[in-house]
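Enquirer: Provide a 3D model corresponding to the input given below.
(chains A and B)
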There are 2 protein chains.
Amino acid sequence: MPTYVFGKESFLKFLEGHLSDDTVIVVSSDIASFDKRRVKSYTGEGDYYFVEFGIPDIFELNEDEVDELMKYAGIFVEKDELNEEGRKQLRP
Amino acid sequence: MPTYVFGKESFLKFLEGHLSDDTVIVVSSDIASFDKRRVKSYTGEGDYYFVEFGIPDIFELNEDEVDELMKYAGIFVEKDELNEEGRKQLRP
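Expert: Below you'll find the predicted structure:
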């Protein structure tokens, strides 16, 4: 599953790549549900967190078009709160 | 519900406020579910999108601690794809 672990510098660089002058970012911290489940993927079985966000419909777009927009979830965490696998993935 | 609409400059400023040198950001684009529902909140009835992200458990934290971490969903959209309400909320 596509997950990245960024330090401050690499995160800002990652974002710059997605931002043009005409891009705006709708940011929500409204969490509608949160749980942890054990799931199987092509990389094997593992524990995943599932976080659902609510975002008001402030778009001049239909549902399919909103579905296609680029969307990310970002979780802010202290570096020493990552486990070994997370620290291995870190891009400083 | 807590939603912000940022232009490039205000978004980068918003993020800077959340980033210390010890902070890392776990970013996921793995969408587990997506739907639109009409819901009632204290501000009235309205259409909301609900987007669920999956994040692998790469934390040295228990479930309650991960629940408490700061989390955001960000949707990248062109400015002219916002409706009037969205444009009113835009911080350039």
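Enquirer: Can you get me a residue count around residue A:23?
Expert: By the measure other Cβ atoms under 10 Å in any protein chain shown, the count of residues near residue A:23 is 17. The way it works is simple: take the backbone N, C-alpha and C, and place the C-beta from them, glycine included.
Enquirer: and what of residue A:14?
Expert: Based on other Cβ under 10 Å, the number of other residues close to residue A:14 is 15.
Enquirer: Quick check: it vs residue B:50, distance?
Expert: To residue B:50, residue A:14 is 25 Å away according to Cβ to Cβ, to the nearest Å.
Enquirer: for residue A:41, same thing?
Expert: Separation of residue A:41 from residue B:50 (Cβ to Cβ): 22 Å.
Enquirer: neighbour-wise, which of the two wins?
Expert: residue B:50 (17 against 12).
Enquirer: The more buried one reaches residue A:53, doesn't it?
Expert: Yes. Counting by Cβ atoms under 8 Å, residue B:50 does reach residue A:53; the two are 7.2 Å apart.
Enquirer: got any residues that touch both of these two?
Expert: Common contacts of residue B:50 and residue A:53 (Cβ atoms under 8 Å, 6 or more residues apart in numbering or on different chains): residue A:32.
Enquirer: Is there proximity between stretch A:74-85 and chain B?
Expert: Yes. Using Cβ under 8 Å from any Cβ of the partner chain, we find that stretch A:74-85 touches chain B at A:74-83, A:85.
Enquirer: Quick check: buried residues in that stretch?
Expert: Residues of stretch A:74-85 classed as buried by neighbour count (16 or more other Cβ atoms under 10 Å in any protein chain shown): A:74-77, A:79, A:81-82.
Enquirer: try stretch A:29-45
Expert: A:30, A:32.
Enquirer: Output that stretch as PDB, restricted to C-alpha atoms.
Expert: Written as PDB, here are the backbone C-alpha positions of stretch A:29-45 (Å, rounded to 0.1, in the frame of the first residue of the first chain):
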ATOM      1  CA  SER A  29      -9.200  17.200  10.500                       C
ATOM      2  CA  ASP A  30     -12.700  15.900  11.000                       C
ATOM      3  CA  ILE A  31     -12.300  12.200  11.800                       C
ATOM      4  CA  ALA A  32     -15.500  10.200  11.300                       C
ATOM      5  CA  SER A  33     -14.100   6.800  12.200                       C
ATOM      6  CA  PHE A  34     -10.900   5.300  13.400                       C
ATOM      7  CA  ASP A  35     -10.000   1.600  13.800                       C
ATOM      8  CA  LYS A  36      -7.200  -0.900  13.500                       C
ATOM      9  CA  ARG A  37      -7.700  -4.100  11.500                       C
ATOM     10  CA  ARG A  38      -5.500  -7.000  10.400                       C
ATOM     11  CA  VAL A  39      -5.700  -7.200   6.600                       C
ATOM     12  CA  LYS A  40      -4.100  -9.300   3.900                       C
ATOM     13  CA  SER A  41      -2.500  -7.600   0.900                       C
ATOM     14  CA  TYR A  42      -0.100  -8.700  -1.800                       C
ATOM     15  CA  THR A  43       2.800  -8.000   0.500                       C
ATOM     16  CA  GLY A  44       1.400 -10.300   3.200                       C
ATOM     17  CA  GLU A  45      -0.700  -9.900   6.300                       C
END
